[in-house]
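Asks: predicted model, plus sequence, below.
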Amino acid sequence: MQGRLHPASYKDMDLCSSSKGAVEMEPDAPVYVGKEDDIKKSQRITTKVNDREVVIFYHEGKFYAMDACCYHAGGPLRLGEIEDINGQPCIICPWHKYKITLETGEGLYQAINPMEPSPTPRWRSKGVKQRIHKVTIDNGNVYVSPPDLSVSLASDYYADKCKNNGDFTMEK
């Protein structure tokens, strides 16, 4: 049985390599996705983590990673704007303006209580809809851990559809 690699050994390996003779990684081992400074400069990148399309954001000093296709209809989250909603950074899907927290993957919506005398819209959570991924920084290298797929999330449907060609394309 092969053990986990020590994080210090990641920086000297091409973890995305699939060539023969490459070090076999455990399925849940973090995957190298880029240099910290490069991702900070670009603010976001899209990459594959164990055959799953993932978008990595750098926003206000913190790294976030989530499935690249929106849970609602497969929209390309890499093209969305980041906005602060109720004190939480959220990606806004460019297709239908769905709001997703970067930290937890929760879908947010505004609702009113019609029983209030002057109903005021308030932000509410739909629960976790978008799969997020753990980001680790080690010696200037950025790694994303593959997701725990033991619990199904809404974004898994489009993650599977986006595997082969990046963005989900609506069939006519």
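Replies: All right, it came through fine.
Asks: what is the neighbour count of K134?
Replies: Close neighbours of K134, defined as other Cβ atoms under 10 Å, add up to 13. Using the backbone N, CA and C atoms, a C-beta is placed for each residue, glycine as well.
Asks: nearest residue to the middle of the protein?
Replies: Closest residue to the average C-alpha location of the chain: M66 at 0.8 Å, with Cα atoms, centre = their mean.
Asks: make sure that residue is indeed in a strand.
Replies: Yes. Using DSSP: H, G, I helix; E, B strand; the rest coil, the assignment for M66 is a strand.
Asks: hmm, it is touching H133, no?
Replies: Yes. Counting by Cβ atoms under 8 Å, M66 does reach H133; the two are 6.5 Å apart.
Asks: may I have the lowest-mean-pLDDT helix or strand in the chain exported as CSV, CA atoms only?
Replies: Taking mean pLDDT, DSSP states H and E as the measure, helix 155-162 is the helix or strand of the chain with the lowest mean score, a mean of 88. Provided in CSV are the C-alpha atoms of helix 155-162 (Å, rounded to 0.1, in the frame of the first residue of the first chain):
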residue,chain,number,x,y,z
SER,A,155,-23.3,21.0,-8.9
ASP,A,156,-22.2,17.4,-9.4
TYR,A,157,-24.7,17.0,-12.3
TYR,A,158,-23.0,19.8,-14.3
ALA,A,159,-19.5,18.8,-13.2
ASP,A,160,-20.0,15.5,-14.9
LYS,A,161,-21.4,17.2,-18.1
CYS,A,162,-18.5,19.7,-18.1
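Asks: for the chain, what spans make up the helices?
Replies: 36-42, 155-162 (DSSP state H).
Asks: tell me the gap between the longest one and the middle of its chain.
Replies: Relative to its parent chain, helix 155-162 has a centroid offset of 12 Å by Cα atoms, centre = their mean, to the nearest Å.
Asks: beta-bridge partners for the residue nearest to the centre of the chain, please?
Replies: V55, I132 (DSSP bridges).
Asks: re earlier: can you list residues touching both of M66 and H133?
Replies: Common contact partners of M66 and H133 (Cβ atoms under 8 Å, 6 or more residues apart in numbering): V54.
Asks: and P89, what does it touch?
Replies: Counting by Cβ under 8 Å, 6+ apart, P89 touches 59-60, 64, 82-83, 101-103.
Asks: looking at the helices of the chain, which is nearest to C90?
Replies: helix 155-162 (14.7 Å; Cβ to Cβ).
Asks: buried set for the closest one?
Replies: Neighbour counts over helix 155-162 (16 or more other Cβ atoms under 10 Å) mark 155-156, 158-159, 162 as buried.
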